[in-house]
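> structure, please.
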Amino acid sequence: MNRRELMLGMGGLGLMGLAGSAFAQAGGKSVDFKAVARDAWLYGLPLIEMETTRGRHFKGGARPNVFAGGRALADHTARNVTTPNNDTLYRSAWVDLSGGPVTLTVPALGDRYWSVAVMDMYTNNNAVLGTRTVGGKGGTFVLAAPGQVAPVLDDRTEPYVVRTATTMVWVLARVLIDGPEDMEAVQGALSQFTLTGGKPGPATTRPVSRNADAATYFNDVRALMAAYAPPVTDLRMIRGSGGLLGGTVAVPSGDIEAGVAQAREFVKGGWARQTPIQGWTYPPASLGDFGQDYAFRAAIALGGLAALPRVEAMYLRPAGEQNGVFLSDKPYRFSLPAEVPVDAFWSLSMYEALGDGQLFFTDNPLKRYALGDRSKGLKRRADGGVDIWISRTDPGGDKTSNWLPAPRTGPYAVTWRGYLPKPALINGQWRMPPIEAA
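Numbers count the residues shown, from 1 in each chain. Sure thing, here's the model as predicted:
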């Protein structure tokens, strides 16, 4: 029995939630149907967000199995993917493997940081090719869906194969850029990222929305699950969803509405629900390869879609004043020491915080969306460390060069990224200094 047959044949009555929901068997204890609906909505959100993102990609004129983008850094007008970075150029492709394996070719990039994330429709990174895993010589790789026979490339005994969990995958390339003068070189390198082979279907998507009414939302989720079978290890969760994800137990409509409302509220501040340490929230080990951590997976799908695993990049957010978001007008200072445990680079990015939990760059007089260890004109202290000033208005004087502008009004959030983090950052031996009132 394959995964899709297993999914369509499910009809068990056990209920298991994501965050302490009631669990019951037929004829047994009472069931917390609100929790069942909440957990089912959270489970389906990554599929909805991935399909929505795929739809935007094709609406912009892109085609399946063809890279697009890579012409400019993200700025305040970029609204396709939440929480973008301003350190790398992106090149993106939605790859349909239903017509057979596809070959990915990456050029030699030398010492320049690069990565290519291959994400399944449940937002898990099936592989991250790049500086850390491949090195600077690039290479040729075969993307193959479950059950497909990968072709042998050149004279190799075995091809370099990336096994994907679903027949549709999002391939997202990131290549580091060091300022405007580096743009042409990076654009040239990205143009050499190619995809060949396979027989993709048409550039059509299912029109889905996380804001749809509950009946429409769960109908869309079930359709996407039928198209992109979930892992067998999700079976208990799906069986425990009543009829919302594929079981046979009817969940009362009132409980569905109440549970969905709880889920919507949860994901707004889902990332910030991690316990802060010295004022910062650190991602759990499941980031980017979530396993059964469905609630965190949903929060990242909304507030940090396409996040890399911790071994590739550490994403830290300050506790802020409310669910990781800053609301006040007072200025802040962020002080970092000279030595930060990363092998690639670090940056601090500023975002507008929207009411639904998504984050996007904010317009500002300097057109500055992030500051980091490679920022031109960044002033360092005598000890080699750096002070970054976070405020709605220009702090003036020597501080302007290190000013990260916040929105003139409204809530905002910042994210610190450390690429190729060293073990001390990943395992907690090194902790980020807190952001403090200036």
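
> residues in contact with stretch 333-341?
Applying C-beta atoms under 8 Å, 6 or more residues apart in numbering, the contact partners of stretch 333-341 are 346, 348, 373, 380, 383-390, 418, 421-425, 430, 433, 435-438. Backbone N, C-alpha and C define where each C-beta goes, glycine included.

> which members of those residues are classed as buried?
Among those, the ones that count as buried by 16 or more other C-beta atoms under 10 Å are 346, 348, 373, 386-390, 418, 421, 425, 430, 435.

> just the closest of these to Y332, please.
Relative to Y332, the closest of these is I390; by C-beta to C-beta it sits at 4.2 Å.

> before we move on, the earlier item: from the contacts of stretch 333-341, which ones fall inside strands?
Judged by DSSP state E, strands contain the following of the contacts of stretch 333-341: 346, 348, 386-390, 418, 435-437.

> what is the nearest of those residues to G324?
For these, the nearest to G324 is I435 (11.4 Å; C-beta to C-beta).

> who is that closest one paired with across the strands?
I435 has these beta-bridge partners by DSSP bridges: F334.

> got a list of what it touches?
I435 is in contact with 279, 318, 332-334, 390, 414, counting by C-beta under 8 Å, 6+ apart.

> now do it, the pLDDT please.
If you check I435, the pLDDT there is 96.

> state the distance from it to P421.
Look at I435 and P421: by C-beta to C-beta, to the nearest Å, they are 19 Å apart.

> and the gap between the residue nearest to V106 when sequence neighbours are not counted and R91?
Among residues not flanking V106 along the chain, G138 sits closest, at 4.1 Å (C-beta to C-beta, 6 or more residues apart in numbering). According to C-beta to C-beta, G138 stands 14 Å off from R91.

> try T233
Distance, T233 to R91, using C-beta to C-beta: 32 Å.

> higher neighbour count, the two?
R91 (22 against 9; other C-beta atoms under 10 Å).

> quick check: that one touching F67?
Yes - R91 is in contact with F67 according to C-beta atoms under 8 Å; the separation is 5.0 Å.

> give me the common contacts of those two.
With C-beta under 8 Å, 6+ apart, R91 and F67 have common neighbours 173, 190, 193.

> what number of residues lie near the second one?
This points to L190. 23.

> once you drop chain neighbours, what's closest to it?
G70 is the one closest to L190 (C-beta to C-beta, 6+ apart), at 3.8 Å.

> over to the first one?
Leaving out its chain neighbours, the residue that sits closest to A173 by C-beta to C-beta, 6+ apart is R91, at 4.2 Å.

> could you verify that the one you found is part of a strand?
Yes - under DSSP: H, G, I helix; E, B strand; the rest coil, R91 sits within a strand.

> so who does it touch?
67-70, 172-173, 175, 190, 193.

> and if you look at W170?
Counting by C-beta under 8 Å, 6+ apart, W170 touches 50, 53-54, 92-95, 117-119, 306.

> out of the residues you listed, which are inside strands?
92-95, 117-119.

> correct me, but A78 touches F360?
Yes - counting by C-beta under 8 Å, A78 touches F360, with 6.9 Å between them.

> overlap in contacts of the two?
Joint contacts of A78 and F360 (C-beta under 8 Å, 6+ apart) are P84.

> more crowded one of those two?
F360 (20 against 16).

> what's that one sitting at in phi/psi?
The phi/psi pair for F360 (degrees, to the nearest 10) reads phi -140, psi 160.

> with adjacent residues omitted, what lies nearest to it?
E352 is the one closest to F360 (C-beta to C-beta, 6+ apart), at 5.5 Å.

> specify the beta-bridge partners of that neighbour.
F360, Y412.

> likewise for V118?
Beta-bridge pairing of V118 under DSSP bridges involves A127, V171.

> show me what contacts it?
Contacts of V118 (C-beta under 8 Å, 6+ apart): 125-129, 143, 162, 164, 169-171.

> pLDDT score assigned to it?
98.

> related to what we said a few turns ago, looking at the shared contacts of R91 and F67, which is nearest A250?
Nearest to A250 among those, with distances taken as C-beta to C-beta, is A173, at 45.1 Å.

> what's near enough to touch that closest one?
Counted by C-beta under 8 Å, 6+ apart, A173 has contacts 67, 70, 90-92, 106, 114-117, 190, 193.

> so how far is the helix or strand where it lies off the chain centroid?
Per DSSP states H and E: A173 is located in strand 168-176. Centroid displacement of strand 168-176 relative to its chain, using C-alpha atoms, centre = their mean, to the nearest Å, is 11 Å.

> with stretch 301-314 instead?
Here stretch 301-314 is found 4 Å from its chain centre; the criterion is C-alpha atoms, centre = their mean.

> any idea how far apart the tips of it sit?
Start to finish, the residues bounding stretch 301-314 are 16 Å apart (C-alpha to C-alpha, to the nearest Å).

> where do the strands sit along the stretch 1-150 of the chain?
68-69, 88-96, 102-106, 114-119, 125-130, 139-144 (DSSP state E, counting those that start in this stretch).

> what about stretch 234-254, start to end distance?
Across stretch 234-254, first to last residue, C-alpha to C-alpha, it's 26 Å.

> check which residues of it are buried.
234-235, 237-242, 244-247, 249, 251.

> as TSV, those with pLDDT and secondary structure would be great.
Formatted as TSV, the buried residues of stretch 234-254 follow (pLDDT from 0 to 100; DSSP: H, G, I helix; E, B strand; the rest coil):
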residue	pLDDT	secondary structure
D234	96	helix
L235	94	helix
M237	94	helix
I238	95	helix
R239	92	helix
G240	92	coil
S241	94	coil
G242	89	coil
L244	97	coil
L245	96	coil
G246	85	coil
G247	77	coil
V249	83	coil
V251	93	coil
